[in-house]
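Colleague: Pasting a predicted model and its sequence here:
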Number of protein chains: 2
Amino acid sequence: MKRQSEHAISPTRSEDYPEWYQQVIRASDLAERSSVRGCMVIKPWGYALWENIVRKLDGMFKSTGVKNAYFPLFIPLSFLEKEAEHVEGFAKECAVVTHHRLEKSPEGGLVPKGELQEPLVVRPTSETIIGDSFSRWISSYRDLPMLINQWGNVVRWEMRTRIFLRTSEFLWQEGHTVHATKEEAVERTKMMLDIYAKLAEDYLAMPVVKGRKTPSERFPGAVDTLSIEAMMQDRKALQAGTSHFLGQNFAKASEIKFQSAKETEEYAWTTSWGASTRLIGGIIMTHGDDNGIILPPRIASSHVVLLPILRKGSDQTSVMSYTESLAKELQAVSYDDSKIHVEIDDRQIGGARGWEWIKKGIPLRVEIGPRDIAQDSVSVGRRDKDLRERVSMKRSQFVAEITRLLDDIQNNLYKRALEFKKTHTVEIVSKNQFYEFFTPINQNKHEIHGGFALSAWCGSDRCEEKIKEDLSVTIRCIPLDAQDEKGDCIACGKPNSQQVVYAKAY
Amino acid sequence: MKRQSEHAISPTRSEDYPEWYQQVIRASDLAERSSVRGCMVIKPWGYALWENIVRKLDGMFKSTGVKNAYFPLFIPLSFLEKEAEHVEGFAKECAVVTHHRLEKSPEGGLVPKGELQEPLVVRPTSETIIGDSFSRWISSYRDLPMLINQWGNVVRWEMRTRIFLRTSEFLWQEGHTVHATKEEAVERTKMMLDIYAKLAEDYLAMPVVKGRKTPSERFPGAVDTLSIEAMMQDRKALQAGTSHFLGQNFAKASEIKFQSAKETEEYAWTTSWGASTRLIGGIIMTHGDDNGIILPPRIASSHVVLLPILRKGSDQTSVMSYTESLAKELQAVSYDDSKIHVEIDDRQIGGARGWEWIKKGIPLRVEIGPRDIAQDSVSVGRRDKDLRERVSMKRSQFVAEITRLLDDIQNNLYKRALEFKKTHTVEIVSKNQFYEFFTPINQNKHEIHGGFALSAWCGSDRCEEKIKEDLSVTIRCIPLDAQDEKGDCIACGKPNSQQVVYAKAY
């Protein structure tokens, strides 16, 4: 195995963070760019992460009474136009279907034919098409609350794309709920944000700040947008889930009305909330190191790889049967809501084999050779530790302790990420210090800056815009748990301003 | 409760089968037409069925080594053109994306802008876009077999649509595998067909015929198409899953090559296989009766509904707490790969409540009133039996026996469907009899005919076409388990012809 000073990923994070990110995705076999502009292919190792995220979120949604349903991929233009801010927000990046068949042209190529009377947009989000159903489904307060979620794909025609973080097509879930009262809708908005925070912290081991967006950063058409914001290792913020209180805006646009208990007709109150394959980008950038990705065990595509050492001349059959019986034993161990997932890699390709699994970020690597078998023990490496560190354990002890080991890795990753976030989150009251904080402190392609600044904001669009223009720094959120901290606006100096989180963002 | 002679669904099956189908979907709250031409909305009760189908199939796929991945929604025209038969088969029904943004026109409406250099097709199936990835992923025989599945949505712009059976957008899975040898690919094609048959028979309680398609009914570009065919209650066939041996056609189109163990470069052998939300249409038409859908327990959206009887003046609190404690007890019971799913419906809306659940096809209905509680018993109705038949059982006995009851319903539904299929599958050797068999035998809107005819076919396209023209009857498949039955071709009389299944089809 290579010495650790020779990193498996080049460039390293400190050399060129954006390029490191691309190289980690390639080396870990998570995904790749496709031949279709801006669209990604999610490979099995990456898709397994998504399947786990789906299972966890889906369970949490259902435990609050949400049910899944499915609505059309296509949205008529007339629907999109119903909410003015909404269409404004999405019109610039819509894939538009205009024809419904292909014909051979005289030159031999295919050309679109059968023009549609009304073009259709591939959904960038589904408020308007789901609202159309809700307007039919809801007539009385007895039909409320209506709590619906959809798992699916959406398309936003992004000009600059980056795998998982910003792609033209991505996978996500979008929840849509309808309530009889404002209070209940506001409460639901917060409840779903808490579920995203729980997923991020308890499963992805990714600490987050829960907060409220400023008006300029709200979802188009929303009254209030809440988000979770995580700090990546380049100290930039990643918005990792959003939950919107839509007031009566979309109810009015889609005519979602109900008869109240008092027999009056009223517009309903709606919410929507979403999280996407972007979360995988968050896992990579929260935990990855210069040897690849590190997967938090509770969400990992797989937990442990067994690496039998099959030297020529040694008893290969007994090594393989030992390996297979250990795999069976491990697969029977319960972990979280499922069982331990085990890989066996019996390829004899030298040190490259171990490195592949390191790059793929599997939590535990176990080598099994004739000497280990003679002692009924295994040699265990943890992905969160120094790669040279390996512990020899009795087989039975390893089986008995594997869930404890995984929990330990999970906790370790979370603590490390939390420590990082704390270290690079600084309360700043001086404007000079603020500008310095966000000035790159190294000369590499990747500009490392300070991180999250907790500073005051007077509430004006102008001050927000000024900071954005000067530094490419935005207000990520007004933290929900803010203890009413006040100070002088970092831009204009206005006293008694609200403390917010300023950061550069993905 | 209405007397059974007054059916909940109007028209009944024998009055107008196609309209009965639409009315059952409406009454059971499974799905609805959307405002987008040809696209459906799958409502929570229908989507839960799909979630169960997904879970069962996904588990069976994975047990054979298949892994999930995700590929782009969009396919460049140039990809589609790579396989001549393939593009021929799908060009007539493609949704084509030609623009990537919208702008307000001077008249105020939105118009498509940003024309794409190369139009994109919304995937009708993904052989070509997945083949593009496979050509990069595979270089050596060591990379094979590659076993990939994708869950997603596809679009085929159908002119005449019917919910679940034929919609412009539908949900499905498509498996794509790559092999080093023809034999292995042929074996995989059969293996996946067997999984579809197992899903249909063991879970959907829907007996099927496994068979091979004639050349005219093959998937465009396939060498061989296998399918499962089920008989609906109007005696028509429903193709419920297909598995294709693609030979080297798509490998050549997409340049999927590998270096063999002998170090020669060879084209790979591929397969693809799919099943879709159409299966839900199959459940409806296999088991539904004139009171609605009947859900087979092993795939049901939910297993049992508890209906507390809360009369004014009676002790409503104790009825509700009895109901809730029974629900908890039932939810702890293991059933199949999960737990019993329980609904509580405490609305006081008279007999309409029970009828709603009958129409929704839930396997068990349990009424709980003060008198039942006094005797610590419950009144149980089975959806597969006469609706007036209710059995009073001790509560503890019901809890102990619920899985046996569900198994009994499952078996009963399967037996009934198998009996029906056997009764209406007839070996026919005379041409006159064959033409009579497929002539409608009633004068209602819905034309009931004979069913499946086992008759001989000489193998010529002409004879197949003649029968189709005369009777709208097609060869559904050449059964895989055919015992080499031979006879005179039903169309031309040529002796020593192969026995096949003729039927009208969805």
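Modeller: Yep, it's here. Not measured: the values here are computed from a predicted model.
Colleague: Phi first, then psi, for A:Arg101.
Modeller: Here the main-chain torsion angles of A:Arg101 (degrees, to the nearest 10) amount to phi -160, psi 170.
Colleague: My guess is it contacts B:Trp157. True?
Modeller: Yes. The pair A:Arg101 and B:Trp157 passes the contact test of CB atoms under 8 Å, sitting 6.6 Å apart. Every residue, glycine included, has its C-beta placed from N, CA and C.
Colleague: what's the average pLDDT for the helix or strand hosting A:Ala27?
Modeller: Element membership for A:Ala27, per DSSP states H and E: helix A:17-28. The average pLDDT within helix A:17-28 is 96.
Colleague: Now tell me what touches the helix or strand just after it from outside.
Modeller: Sequence order places strand A:31-33 as the next helix or strand after helix A:17-28, per DSSP H and E. The set of residues external to strand A:31-33 that reach it, using CB atoms under 8 Å, 6 or more residues apart in numbering or on different chains, is A:Ile25, A:Arg26, A:Met40, A:Val41, A:Ile42, A:Lys43, A:Gly46, A:Ile163, A:Phe164, A:Ile280, B:Ser133, B:Arg136.
Colleague: Distance check, the first one against chain B.
Modeller: Spelled out, it's A:Ile25. The span separating A:Ile25 from chain B equals 14 Å under the rule CB to the nearest CB, to the nearest Å.
Colleague: Need phi/psi at whichever residue of the stretch 151-300 of chain A sits closest to chain B.
Modeller: Of all residues in the stretch 151-300 of chain A, A:Trp157 sits closest to chain B, at 4.2 Å by CB to the nearest CB. Here the main-chain torsion angles of A:Trp157 (degrees, to the nearest 10) amount to phi -80, psi 80.
Colleague: which residues sit in contact with it?
Modeller: When contacts are counted by CB under 8 Å, 6+ apart, A:Trp157 is found next to A:Gly38, A:Glu93, A:Cys94, A:Ala95, A:Ser168, B:His100, B:Arg101, B:Gly114.
Colleague: quick one: which of those residues has the most company?
Modeller: Compared across the contacts of A:Trp157, A:Cys94 has the highest neighbour count, 29 neighbours, by other CB atoms under 10 Å in any protein chain shown.
Colleague: Contacts only, for it.
Modeller: Counting by CB under 8 Å, 6+ apart, A:Cys94 touches A:Leu80, A:Val121, A:Val122, A:Pro124, A:Val155, A:Arg156, A:Trp157, B:His100, B:Arg101, B:Leu102.
Colleague: May I see these arranged in CSV, with distance to B:Glu184 and pLDDT as well?
Modeller: Formatted as CSV, the entries for these read as follows, by distance: CB to CB, whole Å; pLDDT from 0 to 100:
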residue, distance to B:Glu184, pLDDT
A:Leu80, 48, 91
A:Val121, 43, 97
A:Val122, 38, 98
A:Pro124, 42, 97
A:Val155, 37, 97
A:Arg156, 41, 96
A:Trp157, 41, 94
B:His100, 42, 97
B:Arg101, 47, 96
B:Leu102, 49, 96
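Colleague: Scan these and report the most crowded one.
Modeller: Compared across those, A:Val121 has the highest neighbour count, 28 neighbours, by other CB under 10 Å.
Colleague: Check which element follows the lengthiest helix in chain A along the chain.
Modeller: As assigned by DSSP state H, the longest helix anywhere in chain A is helix A:395-423. Using DSSP H and E, the helix or strand that follows helix A:395-423 in sequence is strand A:425-427.
Colleague: Show the residue spans covered by the helices in the stretch 201-350 of chain A.
Modeller: If you assign secondary structure with DSSP state H, counting those that start in this stretch, the helices in the stretch 201-350 of chain A sit at A:249-254, A:278-287, A:316-331.
Colleague: Pick the most deeply packed of these.
Modeller: helix A:278-287 (a mean of 25; mean count of other CB atoms under 10 Å in any protein chain shown).
Colleague: sorry, back to before: which neighbours do A:Arg101 and B:Trp157 share?
Modeller: A:Gly114, B:Glu93, B:Cys94.
Colleague: The closest residue to A:Asp407 other than its chain neighbours: neighbour count?
Modeller: Counting by CB to CB, 6 or more residues apart in numbering or on different chains, A:Asp407 lies nearest to A:Pro297, which is 7.4 Å off, once chain neighbours are set aside. Close neighbours of A:Pro297, defined as other CB under 10 Å, add up to 29.
Colleague: about what we covered before: and the contacts of strand A:31-33, which two are the farthest apart?
Modeller: The largest separation in those, counting by CB to CB, is between A:Ile280 and B:Arg136 at 20.6 Å.
Colleague: follow-up on the earlier one: which one of the contacts of strand A:31-33 is nearest B:Glu419?
Modeller: The closest of these, once distances to B:Glu419 are taken by CB to CB, is A:Ile42, at 45.4 Å.
Colleague: Measure how far the longest helix of chain A is from the centre of its chain, please.
Modeller: The offset between the C-alpha centroid of helix A:395-423 and the centroid of the whole chain comes to 21 Å, using CA atoms, centre = their mean, to the nearest Å.
Colleague: now the angle from that helix to helix A:278-287?
Modeller: Between the axis of helix A:395-423 and that of helix A:278-287 there is an angle of 90 degrees, by axes from the mean of the first three to the mean of the last three CA atoms, to 10 degrees.
Colleague: contacting residues around the helix or strand harbouring A:Lys56?
Modeller: In this structure, A:Lys56 sits in helix A:44-63 according to DSSP H and E. Residues lying outside helix A:44-63 but in contact with it, judged by CB under 8 Å, 6+ apart, are A:28-31, A:42, A:68, A:149, A:151, A:171, A:173, A:175, A:192, A:195, A:198-199, A:203-204, A:275, A:277, A:279-280, A:283, A:295, A:299-302, A:337, A:360, B:67-70, B:148.
Colleague: What's the PyMOL syntax to select whichever of these are buried?
Modeller: Under the burial definition 16 or more other CB atoms under 10 Å in any protein chain shown, those of the contacts of helix A:44-63 that qualify are selected in PyMOL by:
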select buried, (chain A and resi 28+29+30+31+42+68+149+151+171+173+175+192+195+199+203+204+275+277+279+280+283+295+299+300+301+302+360) or (chain B and resi 67+68+69+70+148)
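Colleague: re the thing from before, now do the buried residues in the helix holding A:Ala27.
Modeller: Residues A:Tyr17, A:Glu19, A:Trp20, A:Tyr21, A:Gln23, A:Val24, A:Ile25, A:Ala27, A:Ser28 are the ones in helix A:17-28 that count as buried (16+ other CB under 10 Å).
Colleague: coming back round to it: quick one, what contacts the residue nearest to A:Asp407?
Modeller: With contact taken as CB under 8 Å, 6+ apart, A:Pro297 is in contact with A:His303, A:Tyr335, A:Pro363, A:Leu406, A:Asp407, A:Ile409, A:Gln410.
Colleague: What sits closest to the fourth one if chain neighbours are left out?
Modeller: Put plainly, it is A:Leu406. Using CB to CB, 6+ apart and skipping residues adjacent in sequence, the residue nearest A:Leu406 is A:Pro297, 3.9 Å away.
Colleague: Double-check A:Ser379 against A:Glu367; I have them as touching.
Modeller: Yes. Taking contacts as CB under 8 Å, A:Ser379 lies within contact range of A:Glu367: 4.5 Å.
Colleague: Between these two, which contacts overlap?
Modeller: Between them, A:Ser379 and A:Glu367 share these contacting residues under CB under 8 Å, 6+ apart: A:Arg390.
Colleague: can you give me the helices in the stretch 401-506 of chain A?
Modeller: With DSSP H, counting those that start in this stretch applied, the stretch 401-506 of chain A shows helices at A:431-437, A:461-471, listed in chain order.
Colleague: Could you list which of the contacts of helix A:44-63 belong to strands?
Modeller: Of the contacts of helix A:44-63, the ones assigned to strands by DSSP state E are A:Ala31, A:Ile42, A:Asn68, A:Asn149, A:Trp151, A:Leu171, A:Gln173, A:Gly175, A:Ala275, B:Lys67, B:Asn68, B:Ile148.
Colleague: And those, which is closest to A:Gly459?
Modeller: Using CB to CB as the measure, the one of those that approaches A:Gly459 most closely is A:Ala275, at 28.4 Å.
Colleague: In the sheet, which residues pair with that closest one? Tell me.
Modeller: A:Gln173 (DSSP bridges).
Colleague: Please consider this matter closed, and thank you.
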